[in-house]
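# fold the following and give me the result.
(one chain, ligands or ions: 1)
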Amino acid sequence: MTNLSYVITLIGKSDIPAEFIASVQEIFAKLSVVSQFEIQLDGSRVLDYSVEIPIGALAELKIDLFDLSTGSGVDIIVQPTENRLKKLFIFDMDSTLIEQEVIELIAARANVEAQVAEITERAMNGELDFNASLAERVALLKGIESTSLFDELKTQLVFTNGVKELCKVLGNTGVKMAVLSGGFTPLAKYVAGELGLDYAHANNLEDEDGKLTGKTYGEIVNGDKKAELLQRIAAENNIELDQVCAVGDGANDLPMMGVAGFGIAWNAKPVVQEKAPSRLNSGSLRDVLYILGYSKGEQEELLK
Ligand SMILES: [Mg+2]
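A predicted model of the protein is given here:
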């Protein structure tokens, strides 16, 4: 029987307890997974196992490790050894590259924040069709003063902890990067500029006489569109889909994770964590660099 060469990365919020490691090794033993070598990428907080997995055991291994990690404070990322380093990273914007949902910042200006936030929550959980939910939320923004809106919002954005370091290392190692956002173009372009991303696609809010009309114009960047744009950007750069990683928190990020070789659900809704290729529930987006296999020391070098 053929074995699969995989890497399994354990990322803890703090040092990973010995009992947790013992539980991982019990699962390996049960499924005849052979750990060939183990590396500490950041002391005992981040452990990286190179393993051989019997081909029929992969699905059960993923389920067992997912269950073990749930609620433990340790994320477990399972990925093929091949193409671990990516050539293209595609990011969601709201609640991924930045901490906020931009549409809620806009809604706060008309005191409709709670209504908009409630619809956003349901949409990101996959309970509502994205296009319908966007139309419903944007309609609530009608009449908001638009002339200086985006310039003011830029000053309010909070970049996610670790995102600047992550993008700097990716950029320094020649990785192409894009933001594909269900939010709005002026801010996606601004975020792309600040982080050195190569592409930005998002939705467009219509305005008239200095006020938002409550409508969008142009094609909607929804989940399917994100998947389509990911494939287009990869093709333009002659990058295989196995060399692409998609990162996001919402249900509308699952289609792009599905077409990419790999995906990371970042502090995502439970349904997204279950369906994504991997999940990271940490305090820093910089931890993505461990998923790529860079040790803390290597990261420091690459940040110079
Ligand atoms: Mg998001």
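# report the contact partners of residue 249.
Counting by Cβ atoms under 8 Å, 6 or more residues apart in numbering, residue 249 makes contact with 92, 95-96, 124, 265-269, 272. All C-beta spots, glycine's among them, are computed from the backbone N, C-alpha and C.
# again, only using 10 Å
Contact analysis of residue 249 by Cβ atoms under 10 Å, 6 or more residues apart in numbering lists 92, 94-96, 101, 124, 264-269, 272-273, 276, 279.
# next one: residue 175 from residue 192, what distance?
Distance of residue 175 to residue 192, computed by Cβ to Cβ, to the nearest Å: 14 Å.
# got it, and residue 253?
Counting by Cβ to Cβ, the gap from residue 253 to residue 192 is 17 Å.
# higher neighbour count, these two?
Remark: of residue 253 and residue 192, residue 253 carries more neighbours, 31 against 23, as counted by other Cβ atoms under 10 Å.
# which pLDDT value goes with the closest residue to the more buried one other than its chain neighbours?
Nearest residue to residue 253, sequence neighbours excluded (Cβ to Cβ, 6 or more residues apart in numbering): residue 92, at 4.9 Å. You'll see residue 92 listed with a pLDDT of 98.
# wait, residue 92 sits on residue 247?
Yes. Under the criterion of Cβ atoms under 10 Å, residue 92 makes contact with residue 247 at 6.7 Å.
# any idea which helix or strand carries residue 65?
Assigned by DSSP states H and E, residue 65 belongs to helix 58-69.
# residue numbers of the stretch 51-200 of the chain in contact with the ion?
92, 94-95 (Cβ under 5 Å from the ion).
# may I have the secondary structure class of residue 127?
When classified by DSSP: H, G, I helix; E, B strand; the rest coil, residue 127 comes out as coil.
# for residue 48, which non-adjacent residue is spatially closest?
Per Cβ to Cβ, 6+ apart, closest to residue 48 is residue 39, 4.6 Å.
# surely the one you found is in a strand?
Yes. Assessed with three-state DSSP, residue 39 lies in a strand.
# do you know how far it is from residue 134?
Where residue 134 is concerned, residue 39 sits at a distance of 44 Å (Cβ to Cβ).
# next one: residue 95
Using Cβ to Cβ, residue 95 is found at 15 Å from residue 134.
# what comes up buried for the helix or strand that contains residue 233?
Assigned by DSSP H and E, residue 233 belongs to helix 223-236. Residues 223, 225-230, 233-234 are the ones in helix 223-236 that count as buried (16 or more other Cβ atoms under 10 Å).
# tell me how far it is from the chain's mean position?
On the basis of Cα atoms, centre = their mean, to the nearest Å, helix 223-236 is displaced by 15 Å from the centre of the chain it belongs to.
# direction included, what does the helix or strand just after it pair against?
Per DSSP H and E, the first helix or strand lying C-terminal to helix 223-236 is strand 244-248. In the sheet, strand 244-248 lines up against strand 88-91 (parallel), strand 262-266 (parallel) (DSSP bridges).
# quick one: strand 244-248 near the ion?
No. Judged by Cβ under 5 Å from the ion, strand 244-248 and the ion are separated, with a smallest distance of 5.6 Å.
# the helix or strand just after that strand near the ion at all?
Downstream of strand 244-248, the first helix or strand assigned by DSSP H and E is helix 254-259. No. Helix 254-259 stays clear of the ion (Cβ under 5 Å from the ion), getting no nearer than 11.5 Å.
# ditto for stretch 284-299
No. Contact of stretch 284-299 with the ion (Cβ under 5 Å from the ion) is absent, the minimum separation being 12.7 Å.
# what about that stretch, how long is it end to end?
Stretch 284-299 has its terminal residues 14 Å apart, counting by Cα to Cα, to the nearest Å.
# tell me the buried residues in that stretch?
Those would be 285-295, 299, for stretch 284-299 by 16+ other Cβ under 10 Å.
# and it, how far out from the chain middle?
Between the centre of stretch 284-299 and the centre of its chain there are 15 Å (Cα atoms, centre = their mean).
# can you give me the helices for the stretch 101-250 of the chain?
For the stretch 101-250 of the chain, the helices defined by DSSP state H, counting those that start in this stretch occupy 102-107, 113-124, 130-139, 149-156, 163-172, 185-195, 223-236.
# export those helices as a markdown table, with columns for distance to residue 14 and mean pLDDT.
Compiled in a markdown table, these are given as follows (distance: least, Cβ to Cβ, whole Å; pLDDT from 0 to 100):
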| stretch | distance to residue 14 | mean pLDDT |
| --- | --- | --- |
| helix 102-107 | 31 | 95 |
| helix 113-124 | 28 | 90 |
| helix 130-139 | 37 | 94 |
| helix 149-156 | 32 | 96 |
| helix 163-172 | 19 | 98 |
| helix 185-195 | 28 | 98 |
| helix 223-236 | 34 | 98 |
